[in-house]
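Q: When you get a sec, could you give me coordinates for this:
(chains A and B)
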Number of protein chains: 2
Amino acid sequence: MATSVEAAAVNDDLIEALRAIVAGRLSTARSVLDQHGRDESYHRAFPPDVVVFPETTEEVSRIVKVCAGRQVPIIPYGTGTSLEGHIAALRGGVCIDLGRMNNIIAVNDEDLDVIVEAGVTREQLNRHLSDRGLFFPIDPGADASLGGMAATRASGTNAVRYGTMREGVLALCVVMADGRVIRTSRRARKSAAGYDLTRLFVGSEGTLGVITEVTLRLHGIPDAISSAVVSFPTMEGAVATVIATIQMGVPIARIELLDDVQMDAINKYSGLDYPVQSTLFLEFHGTQAGVAEQAEQVEEICQDQGGGDFKWAVKVEDRNKLWKARHMALYAALAMRPGARAWTTDVCVPISRLAECIAETKKDLAESPLMAPLVGHAGDGNFHLVFLINPEKEDEMAEARRLNERLVMRALAMEGTCAGEHGIGYGKMDFLTAEHGEAMTVMRAVKQALDPDNIMNPGKIIKI
Amino acid sequence: MATSVEAAAVNDDLIEALRAIVAGRLSTARSVLDQHGRDESYHRAFPPDVVVFPETTEEVSRIVKVCAGRQVPIIPYGTGTSLEGHIAALRGGVCIDLGRMNNIIAVNDEDLDVIVEAGVTREQLNRHLSDRGLFFPIDPGADASLGGMAATRASGTNAVRYGTMREGVLALCVVMADGRVIRTSRRARKSAAGYDLTRLFVGSEGTLGVITEVTLRLHGIPDAISSAVVSFPTMEGAVATVIATIQMGVPIARIELLDDVQMDAINKYSGLDYPVQSTLFLEFHGTQAGVAEQAEQVEEICQDQGGGDFKWAVKVEDRNKLWKARHMALYAALAMRPGARAWTTDVCVPISRLAECIAETKKDLAESPLMAPLVGHAGDGNFHLVFLINPEKEDEMAEARRLNERLVMRALAMEGTCAGEHGIGYGKMDFLTAEHGEAMTVMRAVKQALDPDNIMNPGKIIKI
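A: Have a look, this model is predicted:
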């Protein structure tokens, strides 16, 4: 079994072979390569040697076959919105941009599922579904491709109620490292038929194969939706509200936590005037009566924890404005320090440890010169820091590294994970080993079995 | 990479080595071997050569190491309630009975999770949890071990609301084929950190490793629970009610379908007097207001579909009686033909195809001399037939095989699965290949990577 650390080079012969497969939809222009080598993270960019734009699974299969024959690395690319360097071509190679595979293949209204090509984005899908009374809930903020979201096991604001891509994907079509095409499952809601290949590929970050089609679970748009913002004089009160809400089993659709630093940034960026305090952004889905009941339960908890009054948003345009402000958190943070880049980190802990984990983290930040707003999908025990740094300044990078390492090791010590939703890419491989220990040998064995020549997104997740 | 079709034999030397590891908790008594070689299915029994009763993960690891050194097969055993011959020692070997590993290690009330040893049964767990206001919802009928339920990706009556073991397992402790011990995940609710090993082992039926500990998601016992039974003059009306309920997004906790044959059996077995018609057993969970609202929605659908009046069971003893009757369906069926064995088959289809799949199946049955009650977790699109057969009569076996094959191939043609919840064992391996096609090569590669000598429950899922 060969494992090539030194990847083979892309040469003119390969480029001609690729060009023939994709009928010229291929680029080696500097700007295109640069754009495909950098995601939205602080990580160093590594451009690929060539970008191809296939339009069918069959084309992807043929691309993989010619690369496999030459042991040339393959990097699948969705929208480039990952945060741990997932798409960096560390060893050069061929970037497969799936953006042109953007057909919605079949909406099965009655079964509440949909089959899409990997390049369809979540907003595109939801626009398509809106007049059918259905929606796809998983919402990582960015308008990411659904193939990329499957590959990175994305989640986001709605996961507390609707789950992550782990729960949201029913089946995948995958091109394996030798070009074979497989379907991981059927459309039945559940199955006990063999190994769960769907879940094996969800979160594999392109290291085991190229996802070309995704079958997703859909949900009916609820009869009633209402959103609210509530501020707390203390972080403890806000976190205790989240914990009590989850423990009471309230089926809340969103319960997002933002600290005072982040709220200040949002106010300035979006021209709002929320109190500069620890704040929860809430959303309730259900029947009219159900939403009213949930809201009453959570308002009572908030009051017990010293929260202020709910600022309600019920009309769709008001709700959109509220969630737009939340989704702009990253850009609002960046605007606090013009010219800075964002190093967005991500941990997730059992919810019983969330208050303690956040308190220790805020203490670290209070003692640091770096500014780092905190924002999180608190209902899952998941939160982020956004370090605002100048990557050219080694002292800032060192300080961000130090804080990040302390945060991740704290989460691991609390039985949490080093990546709640952003994944591993090449940015968190050491932490992955710290988290999984002996289980890394099993991941490595799976990788070597399915990609013996290590051509699928090499240098990510597994060190080979 | 060796793959041994011929398994090595268990000899006295191995038995002495095992005896030393488990301090004598070992048996080669005929009755014990026979009991461990047969599950609740019609499949031929294959007793192991020896049964060991470890009490710790460390003991399991040492057992696996001595077996691995000799290439002797290992068959993990929970409660023996599987239905496709999962525990048959096809090539002899060592049965690891996990029944003594029955400690509840930690209940994390605040996080709504629990860590149990693999031999803890679901009823044992729920008794333990009841005074904490928590419960574990997944309910396959049998009082199965939680390790076995994880290994077979069990589901059952509550899956329509709470999911299957795919969703219910947070993490596993697994002894690999060489005796290494791994933990597949942390306790965080979600994670994007590396390959989803948890889901890889859930449903692997002991073919990739021995599950020794399971971390499970729990739920708060709902404020209100109510159950009801409703009869329909036609099967079409009953199935249409299920489909409409799911499509409307009613968060129903149980929606079970039983045909007229099964209802007749239940009436006779449990001394009840339900109409001998297609019948739904329903359960609603939620707040008082929520349950009332759900029930109203479903009653309206039932009336539209010609259903009779709801027979309500609200008091806990009435509910228990109702669900006991449902769970006794298998024994009630068997009582229809004293001396018969049950061949229980299992398919799952997208819910839009459920009515058609059941109608065609009932047509087959009407033309067959075999009696086969139909019962199903209809909300998932999942249903069973129970063929009542004399396995000594080749014509009956041939007819059951014929009907079963027609049922499974019909489900596959409708984008369904050959096993909604009973798994593959050695009974459905050909159907698994028909379902997965090229993807079987990926399952095989994973199996060979993690169990190169094919000692882990050989002859199940993957043909080697």
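
Q: how much space between the residue of the stretch 1-150 of chain A found nearest chain B and B:Pro350?
A: Closest approach between the stretch 1-150 of chain A and chain B, counting by CB to the nearest CB: A:Glu110, at 3.7 Å. C-beta coordinates here come from the backbone N, C-alpha and C atoms, glycine included. Distance of A:Glu110 to B:Pro350, given as CB to CB, to the nearest Å: 8 Å.

Q: now do A:His36
A: Distance of A:His36 to B:Pro350, given as CB to CB: 37 Å.

Q: need the strands for the stretch 1-150 of chain A, in chain order.
A: A:26-27, A:50-52, A:74-77, A:94-97, A:104-108, A:113-117, A:134-135 (DSSP state E, counting those that start in this stretch).

Q: Dump those strands to a markdown table, plus mean neighbour count and mean pLDDT.
A: Shown next, in a markdown table, are the strands of the stretch 1-150 of chain A (neighbours: other CB atoms under 10 Å in any protein chain shown; pLDDT from 0 to 100):
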| stretch | mean neighbour count | mean pLDDT |
| --- | --- | --- |
| strand A:26-27 | 19 | 98 |
| strand A:50-52 | 24 | 98 |
| strand A:74-77 | 28 | 98 |
| strand A:94-97 | 27 | 98 |
| strand A:104-108 | 15 | 98 |
| strand A:113-117 | 23 | 98 |
| strand A:134-135 | 20 | 96 |
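
Q: what would these look like in a markdown table with distance to B:Met409?
A: Listed next are the strands of the stretch 1-150 of chain A as a markdown table, based on distance: least, CB to CB, whole Å:
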| stretch | distance to B:Met409 |
| --- | --- |
| strand A:26-27 | 43 |
| strand A:50-52 | 39 |
| strand A:74-77 | 35 |
| strand A:94-97 | 36 |
| strand A:104-108 | 21 |
| strand A:113-117 | 22 |
| strand A:134-135 | 31 |
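
Q: so which of those comes closest to B:Thr57?
A: Smallest distance to B:Thr57 across those (CB to CB): 37.9 Å, for strand A:74-77.

Q: hmm, who's touching that closest one?
A: Strand A:74-77 has contacts (CB atoms under 8 Å, 6 or more residues apart in numbering or on different chains) with A:36, A:48, A:51, A:63-64, A:67, A:87-89, A:93-99, A:147-148, A:151, A:206, A:210-211, A:455-457.

Q: Check A:Ser4 and give its pLDDT.
A: Predicted confidence (pLDDT) for A:Ser4: 43.

Q: Over to A:Ile464?
A: 87.

Q: which residues touch the helix or strand hosting A:Ile182?
A: Assessed by DSSP states H and E, A:Ile182 sits inside strand A:181-183. Here strand A:181-183 makes contact (CB under 8 Å, 6+ apart) with A:57-58, A:61, A:171-176, A:197, A:209, A:212, B:436-439, B:441-442.

Q: Among the residues you listed, which ones are in strands?
A: Judged by DSSP state E, the contacts of strand A:181-183 include A:171-175, A:212 as members of strands.

Q: Tell me the residues of the stretch 351-464 of chain A that contact chain B?
A: Within reach of chain B by CB under 8 Å from any CB of the partner chain, the stretch 351-464 of chain A has these residues: A:351-352, A:380-382, A:411-412, A:415-424, A:428, A:431-432, A:435-443, A:445-450, A:461.

Q: And these, which of them are buried?
A: A:351-352, A:380-382, A:411-412, A:415-424, A:428, A:431-432, A:435-436, A:439-440, A:442-443, A:445-450, A:461 (16 or more other CB atoms under 10 Å in any protein chain shown).

Q: and the residue in the stretch 251-400 of chain A positioned nearest to chain B, what does it touch?
A: Going by CB to the nearest CB, chain B is nearest to A:Ser352 of the stretch 251-400 of chain A, at 3.7 Å. By CB under 8 Å, 6+ apart, the contact set of A:Ser352 is A:243, B:108, B:110-111.

Q: Could you rerun that using 10 Å?
A: A:243, A:247, A:381, A:414-415, B:108-113, B:187 (CB atoms under 10 Å, 6 or more residues apart in numbering or on different chains).

Q: for the record, mean pLDDT for stretch A:411-429?
A: Mean predicted lDDT for stretch A:411-429 stands at 97.

Q: Find the nearest non-adjacent residue to A:Tyr426, please.
A: A:Gly85 (4.5 Å; CB to CB, 6 or more residues apart in numbering or on different chains).

Q: Report pLDDT for that neighbour.
A: 96.

Q: which residues touch it?
A: A:37-39, A:41-46, A:423-429, A:459-460 are the contacts of A:Gly85 under CB under 10 Å, 6+ apart.

Q: State the distance from it to A:Ala45.
A: Taking CB to CB, one finds A:Gly85 at 9 Å from A:Ala45.

Q: A:Leu257 contacts A:Gln277, doesn't it?
A: No - using CB atoms under 10 Å, A:Leu257 is not in contact with A:Gln277, being 11.5 Å away.

Q: out of these two, which sits in the more crowded spot?
A: A direct count of neighbours by other CB atoms under 10 Å in any protein chain shown for A:Leu257 and A:Gln277 places A:Leu257 higher, at 25 against 20.
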